[in-house]
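Q: Generate a structure from the sequence data that follows.
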Amino acid sequence: MIIHYKSLFILLALLTIGCSNNDIKVFQGQNTNLDKLNGSWVVINYWADWCAPCIKEIPELVDFANKNKDIKVFAFNYDQLEIEDLRPIIKKFGVEVPSLITHPRDIWGIETPPILPATYFINEKGLIAASIFKPQTAESLQLVLNELRGI
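A: Reported below is the predicted structural model:
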């Protein structure tokens, strides 16, 4: 009987470890999971290298992220490029925020937007609080965040 309980304990330990894996893949950042993101505001910005407003918006997104260290800010490449193709484009355009490799659809149910740029604010409960389908500045992002937080 002792061996049976020991086997059961090992099986439960392995299942617990498997369930806590970092199942959200991130480039230029640490892989994570939804449990680690819940409790924080998250901003997702869809962009593409062929989208001029997106490229203009990238430094604004980086500035917003640098001023809001308590917010998790991620970029997501609209074309869903592989890391080896994404790496030089990220460098070229100065995407200095972590980039999600896992599609936001698989995390929050956010489908690929019909237009770019697109920015989503996810609240601490993991719910979409705002969807914006036009270019943003660091200031406009801050205004949206403040409004959503009731500041």
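Q: dump the residue contacts of the nearest residue to residue 116 once chain neighbours are set aside.
A: Taking C-beta to C-beta, 6 or more residues apart in numbering as the measure, residue 116 lies nearest to residue 51, with 4.5 Å between them; neighbours along the chain are not counted. No exception for glycine: its C-beta is placed from N, CA and C like everyone else's. Under the criterion of C-beta atoms under 8 Å, 6 or more residues apart in numbering, the neighbours of residue 51 are 78, 116-117.
Q: Rebuild the residues you listed as CSV, extending it with neighbour count.
A: Conversion of those to CSV gives the following (neighbours: other C-beta atoms under 10 Å):
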residue, neighbour count
78, 18
116, 21
117, 24
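Q: Of the residues you listed, just say which sits nearest to residue 24.
A: Of all the contacts of residue 51, residue 24 sits closest to residue 78, with 18.0 Å by C-beta to C-beta.
Q: Report the contact partners of the closest one.
A: If a contact means C-beta under 8 Å, 6+ apart, then residue 78 has 46-48, 51, 54, 112, 116 as its contacts.
Q: any chance of those residues in CSV, plus distance to residue 66 and secondary structure?
A: As requested, those are exported to CSV (distance: C-beta to C-beta, whole Å; DSSP: H, G, I helix; E, B strand; the rest coil):
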residue, distance to residue 66, secondary structure
46, 20, strand
47, 17, strand
48, 23, coil
51, 22, coil
54, 19, helix
112, 27, coil
116, 23, coil
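Q: Mind checking which of those residues are buried?
A: Taking 16 or more other C-beta atoms under 10 Å as the criterion, what is buried in those is 46-48, 51, 54, 116.
Q: Pull the most distant pair out of those.
A: Taking every pair in the buried ones among the contacts of residue 78 and measuring C-beta to C-beta, the maximum separation is 9.0 Å, between 46 and 51.
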